[in-house]
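1. Sequence plus predicted model, see below.
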Amino acid sequence: MILKQGFYILGHVTNLDFVKALDPQVKFASWYLICNIAVMDILIHKFVYQIMLAYVQDALPLEACGLLAGRDNLITHIYIIDNVLRSPVEFEMDAQQQIEAMLHVEAQGLELIAAFHSHPMGPQTPSQKDVARAYYPEMAQIIVSLAKQSYPSGRAFSIIDKKISELQIVVIDR
Ligand SMILES: [Zn+2]
């Protein structure tokens, strides 16, 4: 069973019934199958996603940042990293903490999937500075805007050669 290219699941997925409704023949070996059909999406474990949102709110009014890692495009680990600029409008990750996180990622056989940071006053999209400083094009950039939102959520972007494209964030609830 192959779902249409570009199919993706948004939001907090609690069961597969709605997917089965699309095609009763569908057989799921595991969530991994769903990961494979949407390789351009960022899949993130619900608990990790909630930690990220809670952390960036806790850090207000400052911008907060960190790294996200996992396997097979599914984020399972979050590394909270200090913003050494301690600024509400920009960030720079603490270099030592960043190295420690990367060493942990490597030691665990994980891969870095995304970096995240907050925009306490918006916007929801990458700033010019974010584009200029996208040093790791293979990594997605997740931005959590905390402006004018009753419930914050992240948006993910790929920034390659200063070209921004949005990726869907898929929250995996299990
Ligand atoms: Zn930014």
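-> That came through, no problem.

2. remind me which residues of this structure are low pLDDT?
-> For the chain, the stretches flagged by pLDDT under 70 are 1-40, 149, 174.

3. pretty sure P137 is touching I159, no?
-> Yes. At 6.5 Å, P137 and I159 qualify as touching, with contact defined as Cβ atoms under 8 Å. C-betas here are computed from N, CA, C, even on glycine.

4. Between these two, point out the one with more neighbours.
-> Shown here are P137 and I159; by other Cβ atoms under 10 Å, I159 has more neighbours (20 against 13).

5. Helices of the protein, start to end?
-> 17-22, 31-37, 46-58, 95-107, 128-132 (DSSP state H).

6. Now render those helices as TSV, adding mean neighbour count.
-> Below are those laid out as TSV (neighbours: other Cβ atoms under 10 Å):
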stretch	mean neighbour count
helix 17-22	11
helix 31-37	16
helix 46-58	17
helix 95-107	14
helix 128-132	13
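
7. Tell me the residue of the protein that sits nearest the ion?
-> D130 (4.1 Å; Cβ to the ion).

8. what residues does this structure put near the ion?
-> 127, 130 (Cβ under 5 Å from the ion).

9. Need the residue closest to the centroid of the chain.
-> I142 (4.9 Å; Cα atoms, centre = their mean).

10. Tell me what it is bridged to.
-> When bridges are called by DSSP bridges, I142 pairs up with F116, A156.

11. shouldn't it be in contact with G154?
-> Yes. With contact defined as Cβ under 8 Å, I142 counts as touching G154 (4.7 Å).

12. How much space separates the residue nearest to the centre of the chain from H77?
-> Applying Cβ to Cβ, to the nearest Å, the value for I142 to H77 is 14 Å.
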